[in-house]
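Trainee: dropping a prediction and its sequence here:
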Amino acid sequence: MKNPEKRLQAPPSLWQSLRPLVREKRGKPTVAEEQLWQALRPRRTTRFKFRRQHAIDRFIVDFYCVRARLVVEVDGPIYQRSREADAERQAHLESLGVKVLRFTNDQVLGEMPMVMALIEEACAGG
């Protein structure tokens, strides 16, 4: 396959139904997502470019770095109720060759230097 990222994209028929949700999520980020996006925004504090609310296969991930094949998820209070579904989602993404990092809202809001250091390390292949 010429473009290995092509297989990670949502199929066109599915993208049509995901697109409005992606736009909504981009327009209404959580406080933690917005703060992390400001840090990740095209190469502000890391040398890697991230996309936000990016569709991979049938899932919408919070942040995705194509070059590092890295998903960064910010888990809010709902995560406590959806652990099993999130574990299945993460396993599926990892089966596609994507690494997944998860942070809680509290980590993003209170420990940003540590969060950014872990993201940078993961992007660099660590």
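Mentor: Right, received. Where do you want to start?

Trainee: what's the residue nearest the centre of the chain in contact with, if anything?
Mentor: Per Cα atoms, centre = their mean, the C-alpha nearest to the average position across the chain is that of F63, at 2.8 Å. For F63, the contacting residues are 36-37, 40, 50-52, 54, 71-73, by Cβ atoms under 8 Å, 6 or more residues apart in numbering. In short, each C-beta sits where N, CA and C put it, glycine included.

Trainee: restrict the strand or helix carrying V72 to CA atoms and write it as PDB.
Mentor: With the criterion set as DSSP states H and E, the secondary-structure element containing V72 is strand 70-75. This file holds the C-alpha atoms of strand 70-75, laid out as PDB (Å, rounded to 0.1, in the frame of the first residue of the first chain):
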ATOM      1  CA  LEU A  70       0.600   8.200  18.400                       C
ATOM      2  CA  VAL A  71      -2.800   8.800  19.900                       C
ATOM      3  CA  VAL A  72      -3.200  10.900  23.000                       C
ATOM      4  CA  GLU A  73      -6.400  10.600  24.900                       C
ATOM      5  CA  VAL A  74      -7.700  12.800  27.700                       C
ATOM      6  CA  ASP A  75     -10.000  11.000  30.000                       C
END
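
Trainee: just the buried members of the contacts of F63?
Mentor: Taking 16 or more other Cβ atoms under 10 Å as the criterion, what is buried in the contacts of F63 is 36-37, 40, 50, 52, 54, 71-73.

Trainee: just to revisit the earlier point, which residues touch the next helix-or-strand element following the strand holding V72?
Mentor: Remark: after strand 70-75, the chain's next helix or strand is helix 83-95, criterion DSSP H and E. Residues from elsewhere that reach helix 83-95 (Cβ under 8 Å, 6+ apart): 56-57, 59, 61, 71, 73, 75, 79, 100, 102.

Trainee: now helix 83-95 - C-alpha only, CSV.
Mentor: Coordinates of the C-alpha atoms in helix 83-95 are reproduced here as CSV (Å, rounded to 0.1, in the frame of the first residue of the first chain):
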residue,chain,number,x,y,z
ARG,A,83,-13.3,1.6,31.0
GLU,A,84,-14.3,-1.7,29.3
ALA,A,85,-15.3,0.1,26.1
ASP,A,86,-12.1,2.2,26.2
ALA,A,87,-10.0,-0.9,26.7
GLU,A,88,-11.5,-2.5,23.6
ARG,A,89,-11.1,0.7,21.6
GLN,A,90,-7.4,1.0,22.7
ALA,A,91,-6.8,-2.7,21.8
HIS,A,92,-8.2,-2.1,18.4
LEU,A,93,-6.1,1.0,17.8
GLU,A,94,-3.0,-0.8,18.9
SER,A,95,-3.8,-3.7,16.6
